[in-house]
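S.K.: how would this look folded up:
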Amino acid sequence: MFEERLLLPGGYVLEARIFASQDFVLSLRKGKTLLVEYRSGGRYAFKSVEKLRYDFERDVENALRRG
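M.R.: From the prediction side, this is the model:
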């Protein structure tokens with residue numbers, strides 16, 4: 001399992017968890033509020049790692065802009 005947590009300015013927390021079964025959870029939170037979440041088996045249709053990263057980063061940037 002891979003797990004990483006980044007504390008960003010403004011109280012944001014970016015988390016990535018990738019399990020041996022290739023399930024994943026990528027999220028952005030501010031405090032207890034979930035702003036963006038990509039989860040295997042969820043609404044996000046996984047196509048490739050590159051597409052997953054691009055889509056998640058785009059949604060995180062949009063969420064940070066909205067503040």
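
S.K.: Count the neighbours of Leu26 for me.
M.R.: Neighbour count of Leu26, defined by other C-beta atoms under 10 Å: 23. For glycine as for every other residue, the C-beta is placed from the backbone atoms N, C-alpha and C.

S.K.: Is it in contact with Tyr38, as I believe?
M.R.: Yes - between Leu26 and Tyr38 there is a contact under C-beta atoms under 8 Å: 4.4 Å.

S.K.: what residues do the two have in common as contacts?
M.R.: 52, 56 (C-beta atoms under 8 Å, 6 or more residues apart in numbering).

S.K.: where does this protein dip in pLDDT?
M.R.: For the chain, no stretch has pLDDT under 70.

S.K.: Now do the strands in it.
M.R.: Using DSSP state E, the strands of the chain run over 2-8, 12-18, 24-30, 33-39.

S.K.: Quickly compare those strands and say which is most buried.
M.R.: Looking across the strands of the chain with neighbours counted as mean count of other C-beta atoms under 10 Å, the highest average goes to strand 24-30: a mean of 18.

S.K.: what's it in contact with?
M.R.: Defining contact as C-beta under 8 Å, 6+ apart, one finds that strand 24-30 is touched by 10-18, 34-40, 52, 56, 59-60, 63-64.

S.K.: what do you get for stretch 49-61?
M.R.: Under C-beta under 8 Å, 6+ apart, the answer for stretch 49-61 is 14, 24, 26, 28, 35-36, 38, 44, 46.
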